[in-house]
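build me a model from this:
(one chain, ligands or ions: 2)
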Amino acid sequence: MAQYKIAWLPGDGIGIDVMNIARSVLDALEFDAEYPHGDIGWEFWRTEGNPLPERTLELLRNTDCALFGAITSMPKEEAQEALIPELKDSGLVYSSPIVRLRQEFNLHTNLRPCKAFDGNPLNLRDDIDLVVFRENTEGLYVGIEFHPLPAELMDVLTRNHPKMRRFGDVPLDDIAMSTRIITRNGARSIATQAFEYAKTHGYKTVTVVEKPNVLRETSGLMVRTARKVARDYPGIDLWEANIDAMCMWLVKNPQQYGVLVAGNMFGDIISDLCAQLVGGLGFAASGNIGDRYAVFEPTHGSAPKYTGQNKVNPMAMLLTTKLMLDWLGEDDRARRLETAIARVIREGDARTYDMGGGATTTEVGEAIVRRLS
Ligand code: IPM
Ligand code: MG
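Ligands and ions are numbered 1, 2, ... in the order given. All right, here's what the predicted structure looks like:
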């Protein structure tokens, strides 16, 4: 029997292309695993009305962790349109499988390192080394939304909150509402992990990125909790920044920051910003990590227009594979993979179009395999 069981979730579009490269690299590293395939993505939405079928959840429950490629997702109306005729009027609502996976497996932490590799022509600067800790199951992503607003809810809110009264006369069908929930435990957990990471990886600062001047309760709880956690880490400074200003500072002085911690939506936003500082989505890796299970995915989408063209940059997928190896405690393989990635970037002979080169996805994968020591 193999040492590990890794759920293999290529998903849609270029997810499939980049997962093939991940597999060849894992094989070259003589990583001892089985890779049971899981159905996920657009095809299963279209034909079964569920992009994340129950059988896939069951498969994941019987694996060590999952490696995930990418999926296509679309807004409500387009998703409805895509269903096969038998399912069209059955009231099904598309929900993002990755968001569901995060909740289903309580993958409370989203880890997104954004480091400038030497010699990457796409770096904004060469001395950037950021690590985003995004809270991954709460905040605006809890999926508690209303439209129309239920009458009972309007009633409770207008009775309990003076600011709701200005909406009292708006027809219920003309109000949509999304809920931002932050729990003390959720805030403590993400802040603690950010500080632990800073401590074990030698970062001097953790910056909490929120908006407590406006979101007094939810952002307030995040920041107050981060301050409390910070007391247990005397060598590491806690910096506090508002999300809007932080976007500006990250473009202006990204080299000044180290670990960043934020709630779900703000973490989503800054992680794309941070990714672009070091080469864009072609380099953006992530781990959705819980206490016992984790799903690793590149941050990019399924890029339908590049499907089957062997064109996209597989670096994000390979950096994601490296995060998986880290999480499994495969330190030596993780280090060998990162070193090979760094060499290919630095030596510059295999670059995909986004880096100004003409190499295919496969050629970049081969260049990395050649450099695995
Ligand atoms: C990400 C993505 C997802 C998110 C989408 C695809 C639902 O943007 O992983 O950052 O918003 O979390
Ligand atoms: Mg995102």
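
spell out which parts of the stretch 201-350 of the chain neighbour ligand 1.
Counting by CB under 6 Å from any ligand atom, the stretch 201-350 of the chain comes close to ligand 1 at 268, 299. Where C-beta positions appear, they are placed from N, C-alpha and C, glycine not excepted.

pick out the residue of the stretch 201-350 of the chain closest to ligand 1.
Residue of the stretch 201-350 of the chain nearest ligand 1, by CB to the nearest ligand atom: residue 268 (4.7 Å).

once you drop chain neighbours, what's closest to the residue in the stretch 51-200 of the chain that ligand 1 sits nearest to?
The nearest approach of the stretch 51-200 of the chain to ligand 1 comes at residue 96, 4.1 Å away (CB to the nearest ligand atom). Distances taken as CB to CB, 6 or more residues apart in numbering put residue 73 closest to residue 96, at 5.2 Å, once the chain neighbours are dropped.

settle this for me: residue 6 is touching residue 63, isn't it.
Yes. Here residue 6 reaches residue 63: they are 6.2 Å apart, a contact under CB atoms under 8 Å.

settle it for me: which of those two has more neighbours?
residue 6 (23 against 19; other CB atoms under 10 Å).

report the secondary structure state of that one.
Three-state call for residue 6 (DSSP: H, G, I helix; E, B strand; the rest coil): strand.

thinking again about what came up before, burial of the residue of the stretch 51-200 of the chain closest to ligand 1, as a residue count?
Per other CB under 10 Å, the neighbour tally for residue 96 reads 14.

list the contacts of it.
Residue 96 makes contacts with 51, 71, 73, as judged by CB atoms under 8 Å, 6 or more residues apart in numbering.

tell me how many other residues crowd residue 87.
Residue 87 is flanked by 17 other residues according to other CB under 10 Å.

let me redo that: residue 211
If you count neighbours by other CB under 10 Å, residue 211 ends up with 21.

now do the contacts for it.
219, 242, 243, 244, 266.

picking up where we left off before, from what I see, the residue of the stretch 201-350 of the chain closest to ligand 1 and residue 136 are in contact.
No. With contact defined as CB under 8 Å, residue 268 does not count as touching residue 136 (9.6 Å).

pick out whichever of those two has more residues nearby.
More crowded of residue 268 and residue 136, by other CB under 10 Å: residue 136, with 28 against 19.
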